[in-house]
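**Q** got a predicted structure here, sequence first:
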Amino acid sequence: MDQKEKTDWFEVYQPYLAFIYACVVVIGFLCAILVPSNPLIFWFPKDVPGAEIWRNILLGIVAVVGFPFVVWRSFTAHRQANIANRQTVVANKNLVLIEKGHNLDRFEKAAQLMTESDYAPRLAGLSLMFELANEFPKEYYMLAQKQFCGLIQLTGREVSSLYDLQKESREEVGPPRSSIRKKDKELSYAVADRQIHAAKRLGQEAILYFSRLRAAHFEHENDWKPEMIGAQFSELEIVHEKLELKGVDLSYSSFQGCRIKDADFSEAYMKGCNFKDANFWSCNFSNAWLRDIVNITGETSFQNSVFKDAAFSVAGSRRRDQKNYRLFSNANIDGLRVLDSVYSTLPNFHQNKTTPIDEEYFSQPTQPA
């Protein structure tokens, strides 16, 4: 029985209790008069001073009259305390509702800013979303991470579209007919380059916010598999902060010219990624699926990186008689499974640490555990 029910019980039975108490007082008074054979001598004995007798009588009257008031005052104070407690509970609930409404407004504002066309408001939206999710991870972690992944994929598509438009513009037949048109084309190229750079940086900022939030509140994911298909890591330089990308779908992402250190790519799905001139230091590729990697160059390196139980293949044909000594130089490739066409290009000391596999291995519908 809660406080409200106790208060209601007393209020309902208060008249009955008062009636019972009055009956007790009347019965006691009648007994005091009728029980003694000589009530006058019993209550006013001659050997007791009159002042003491009247004092006792007055104290009895005060006790009889005052007791109900004491009980009533106690229950009244108790009821007031219950009312105050209920008001406090209601006030706290209202504060929680107000806070939820405020946080919802913050989320909507951040999400709206992230959809703007300009770089500055989108970056501000990223920051607001991160602060909200970091402060209230239970309610907003998954929502924020999905927003980050969506923006990462969107900026990747924006960069690809801008590159295609720029390429089509450069492939126009014939030279410019005038110096003015030439300057206009050069200006359009410069604008496109700035747009590409801004889109790249925005996506990379989203990747950093995703990683920071994941490092702090990974327990809220509940086996979720993030998707960053087509993400732009190109020219990204992260050497002082660890990227947390375990189990992320990074298919068709570009790592061209990146410099990444201590990143966790374990269990990641990296089909069709562009590794041109990419540099990975001390990264973890354990159990990752690096399938059909494109643009492996002499500058691509995995120094001190770990490939335990990972699978690796390169898109297109490679010369089987050309040994690739640099690809896994200074990398820990114990347990690495390599497509046979790539395996044949590895030096003997790398072949001894790896296992050749065929295309059928990669035809599995799901990534091997």
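**A** Done, it's in. Keep in mind the model is a prediction, meaning the values are calculated, not measured.

**Q** how far does the longest helix along the chain sit from its chain's centre?
**A** Counting by DSSP state H, the longest helix found in the chain is helix 50-114. Relative to its parent chain, helix 50-114 has a centroid offset of 39 Å by CA atoms, centre = their mean, to the nearest Å.

**Q** which elements pack onto it?
**A** helix 3-34, helix 119-135, helix 137-170 (3 or more CB pairs under 8 Å, 6 or more residues apart in numbering; DSSP states H and E). All C-beta spots, glycine's among them, are computed from the backbone N, C-alpha and C.

**Q** let's see 10 Å
**A** If you count contacts as 3 or more CB pairs under 10 Å, 6 or more residues apart in numbering; DSSP states H and E, helix 50-114 packs onto helix 3-34, helix 39-43, helix 119-135, helix 137-170.

**Q** now tell me which helix or strand of the protein has the poorest mean pLDDT.
**A** Lowest on mean pLDDT, DSSP states H and E among the helices and strands of the chain sits helix 39-43, with a mean of 62.

**Q** residues contacting the residue nearest the centre of the chain?
**A** Nearest to the mean C-alpha position of the chain, by CA atoms, centre = their mean, lies Y141 at 1.9 Å. Y141 makes contacts with 132-134, 213-214, 216-222, 224, as judged by CB atoms under 10 Å, 6 or more residues apart in numbering.

**Q** taking these one by one, which sit in strands?
**A** When these are checked against strands (DSSP state E), there are no matches.

**Q** who wins for neighbours among these?
**A** When neighbours are counted by other CB atoms under 10 Å, A133 leads those with 26 neighbours.

**Q** isn't it right up against S127?
**A** No - here A133 lies out of contact with S127, judged by CB atoms under 10 Å, at a distance of 11.1 Å.

**Q** what do the two both touch?
**A** Common neighbours of A133 and S127, using CB under 10 Å, 6+ apart, are 110, 209.

**Q** confidence-wise, which of the helices and strands packed on helix 50-114 is weakest overall?
**A** Lowest mean pLDDT within the helices and strands packed on helix 50-114: helix 39-43, a mean of 62.

**Q** hey, where'd the helices end up in the stretch 251-369 of the chain?
**A** For the stretch 251-369 of the chain, the helices defined by DSSP state H, counting those that start in this stretch cover 340-343, 348-351, 359-362.

**Q** against R122, how distant is the residue nearest to the centre of the chain?
**A** From Y141 across to R122, the span is 21 Å (CB to CB, to the nearest Å).

**Q** quick check: domain ranges of this structure?
**A** 3-88, 115-171+181-223, 233-369 (automatic domain parsing).

**Q** now the end-to-end length of the second one.
**A** What that stands for is domain 115-171+181-223. For domain 115-171+181-223, the first-to-last residue distance is 28 Å (CA to CA, to the nearest Å).

**Q** got the buried residues for stretch 102-119?
**A** Along stretch 102-119, these residues count as buried under the neighbour rule (16 or more other CB atoms under 10 Å): 106-107, 110-111, 113-114, 119.

**Q** dump the residues you listed into a markdown table; add distance to R194 as well.
**A** Formatted as a markdown table, the buried residues of stretch 102-119 follow (distance: CB to CB, whole Å):
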| residue | distance to R194 |
| --- | --- |
| R106 | 30 |
| F107 | 30 |
| A110 | 25 |
| A111 | 25 |
| L113 | 20 |
| M114 | 20 |
| Y119 | 9 |
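
**Q** what is the nearest of the residues you listed to F307?
**A** In terms of CB to CB, no member of these lies closer to F307 than M114, at 35.2 Å.

**Q** what's the burial count for the closest residue to that closest one other than its chain neighbours?
**A** Distance criterion CB to CB, 6 or more residues apart in numbering; nearest residue to M114, sequence neighbours excluded, is G125 at 3.7 Å. Using other CB under 10 Å, G125 has 22 neighbouring residues.

**Q** where in the protein is pLDDT low?
**A** Applying pLDDT under 70 to the chain flags the ranges 1-13, 32-33, 35-48, 50, 53, 168-190, 317-325, 364-369.

**Q** hmm, F265 is touching F280, no?
**A** Yes - counting by CB under 10 Å, F265 does reach F280; the two are 8.3 Å apart.

**Q** out of these two, which sits in the busier spot?
**A** For F265 versus F280, the count of surrounding residues by other CB under 10 Å is larger for F265: 27 against 23.
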